[in-house]
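Enquirer: Provided below for reference: sequence and predicted model.
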Amino acid sequence: MTGSSTAVAHSNIALIKYWGKVDSRLAIPATSSVSLTLDAYRTETTVEWGAEQDSVVLDGAVLSGVPADRVSRFLDLVRDLAGRSDHATVVSRNTVPTAAGLASSASGFAALAAAATSAAGLTLAPRDLSILARKGSGSASRSVFGGLAVWYAGTDDLSSYAEPLVDPGLDLAMVVAVVNAGTKEISSRDAMRLTAETSPYYDAWVSASRSDFSSMLDAIGAGDFTRVGELAESNAMRMHASMLGSTPPVTYWEPDSVRCLRLVRELRSAGAECYATMDAGPNVKILCRRPDLATIRTAVEELGVAGVTTALPGPGVRIDRAT
Ligand code: 2P0
């Protein structure tokens, strides 16, 4: 039995971060997180079953080694679910710079989960798709959904999943200041493990982030943009503080990252309300409301960083073609 499906998924940026696992095999995180799926960065993936062995082509290049094995281990999960033993041909295209801290693994594994299960003839409920995507890459659990999403840490495979959050009209938008779109020096997977194993600030991060998480749900529920932004910015800084305490230290920041953080403070005092967040890379994502998007974009362009992208809330994963 062969089948082919194409799925499209968008990346997401966490407003309350995921940084550290309690179970690496199942990707059960230490803390719950909240994210915004963006329309700007997407992955389109086609999976066709019936091959003699798994193969993966990403942006025209054949994958080998660890990245290819990671996809194959993920396809093993789909083979188990579908009760099949054949292999798959995977062809994927990214508009996200791969491994640059712009959430390429989130959109990548959400699209792969949807395409691989659909092509295998499975129809998964959104929660089950989120659970499956999580086991490819934790943040992919959230890219199954559009707009605001919450990933409940849970305590085991079935209780760790994402679901959409009602947006009470926050009118969110994001300006991405691309400081450097190159591949990062240490993957987020390795960096979060190093933080958990060696940073004396890791336990403090976990307890602060748990508290930030429940405050964020309250702030979103109340439609309080100022509180949402303040929490997002301080949660991101706390995550980076925990990394700096690792041995050796994990330092994703570059000089232009700091210039962007200063610009955000200046814009805020000048009345364009915006807040910064950063992930496992030097790029700065600026959370704002849609009417301020153009002003903030222009200010970042004037700063002269490598690139600027604007984004609005994007859709959840979808199947584009199935045969
Ligand atoms: C997040 N990041 O919440 C955090 C903030 C990066 C910084 O999720 O090991 O690629 O595949 O589960 O999902 C990036 O980590 O890690 C990430 P794995 P993932 O968005």
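Expert: Yep, it's here. Numbering: from 1, shown residues only.
Enquirer: I'd like to know how far the residue lying closest to residue 307 once chain neighbours are set aside sits from the ligand.
Expert: The shortest distance from residue 307 to any residue other than its chain neighbours is 3.6 Å, reached at residue 178 (C-beta to C-beta, 6 or more residues apart in numbering). Any C-beta I mention is one placed from the backbone N, CA and C, and that applies to glycine too. Residue 178 is 16 Å from the ligand, where distance means C-beta to the nearest ligand atom, to the nearest Å.
Enquirer: Quick check: residue 178 vs residue 219, distance?
Expert: Taking C-beta to C-beta, to the nearest Å as the measure, residue 178 falls 28 Å from residue 219.
Enquirer: Likewise for residue 241?
Expert: Separation of residue 241 from residue 219 (C-beta to C-beta): 21 Å.
Enquirer: Who has more neighbours out of the two?
Expert: Each of residue 241 and residue 219 has its neighbours counted (other C-beta atoms under 10 Å); residue 219 has more, 22 against 14.
Enquirer: and the protein, which of its residues are near the ligand?
Expert: Residues of the chain that fall close to the ligand, judged by C-beta under 6 Å from any ligand atom: 14, 17-19, 27, 33, 105, 137-139, 188-189, 279-280.
Enquirer: please redo it, this time with the cut-off set to 5 Å
Expert: For the chain, the residues in contact with the ligand (C-beta under 5 Å from any ligand atom) are 14, 17-18, 27, 33, 105, 137-139, 188-189, 279-280.
Enquirer: Now do the helices in the stretch 1-150 of the chain.
Expert: In the stretch 1-150 of the chain, the helices defined using DSSP state H, counting those that start in this stretch lie at 65-82, 104-119, 126-136, 140-143.
Enquirer: what's the neighbour count on residue 274?
Expert: Burial of residue 274, expressed as a neighbour count using other C-beta under 10 Å, amounts to 23.
Enquirer: How about it: what's its closest non-neighbour residue?
Expert: Residue nearest to residue 274 in three dimensions, not counting chain neighbours: residue 288, with 4.1 Å by C-beta to C-beta, 6+ apart.
Enquirer: In contact with that neighbour, which residues?
Expert: 172, 173, 174, 175, 272, 273, 274, 275, 296 (C-beta atoms under 8 Å, 6 or more residues apart in numbering).
Enquirer: Recalculate using a threshold of 7 Å.
Expert: Contact analysis of residue 288 by C-beta atoms under 7 Å, 6 or more residues apart in numbering lists 173, 175, 273, 274, 296.
Enquirer: returning to that earlier point: out of the helices of the stretch 1-150 of the chain, deepest packed?
Expert: Among these, the stretch with the highest mean neighbour count (mean count of other C-beta atoms under 10 Å) is helix 140-143, at a mean of 34.
Enquirer: Give me the distance from it to the chain's centre.
Expert: Remark: helix 140-143 is offset 7 Å from the chain centroid, using C-alpha atoms, centre = their mean, to the nearest Å.
Enquirer: What mean pLDDT does that helix get?
Expert: Mean pLDDT, computed over helix 140-143, is 98.
Enquirer: now do stretch 207-226
Expert: The average pLDDT within stretch 207-226 is 98.
Enquirer: could you check the angle helix 104-119 makes with the lengthiest strand in the chain?
Expert: Taking DSSP state E as the criterion, the chain has its longest strand at strand 33-51. Here strand 33-51 runs at an angle of 50 degrees relative to helix 104-119 (axes from the mean of the first three to the mean of the last three C-alpha atoms, to 10 degrees).
Enquirer: For strand 33-51, buried residues please.
Expert: 33-49 (16 or more other C-beta atoms under 10 Å).
Enquirer: Also stretch 222-242?
Expert: Neighbour counts over stretch 222-242 (16+ other C-beta under 10 Å) mark 225, 228, 229, 231, 232, 233, 235, 236, 238, 239, 240, 242 as buried.
Enquirer: For these, give me TSV that also has secondary structure.
Expert: As requested, the buried residues of stretch 222-242 are exported to TSV (DSSP: H, G, I helix; E, B strand; the rest coil):
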residue	secondary structure
225	helix
228	helix
229	helix
231	helix
232	helix
233	helix
235	helix
236	helix
238	helix
239	helix
240	helix
242	helix
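Enquirer: Could you pull up the mean pLDDT of stretch 109-124?
Expert: The pLDDT scores in stretch 109-124 average 97.
Enquirer: Next up, the contacts around residue 53.
Expert: Contact analysis of residue 53 by C-beta under 7 Å, 6+ apart lists residue 87.
Enquirer: switch to numbering from 54
Expert: Sure, I'll start numbering at 54, so the last one becomes residue 106.
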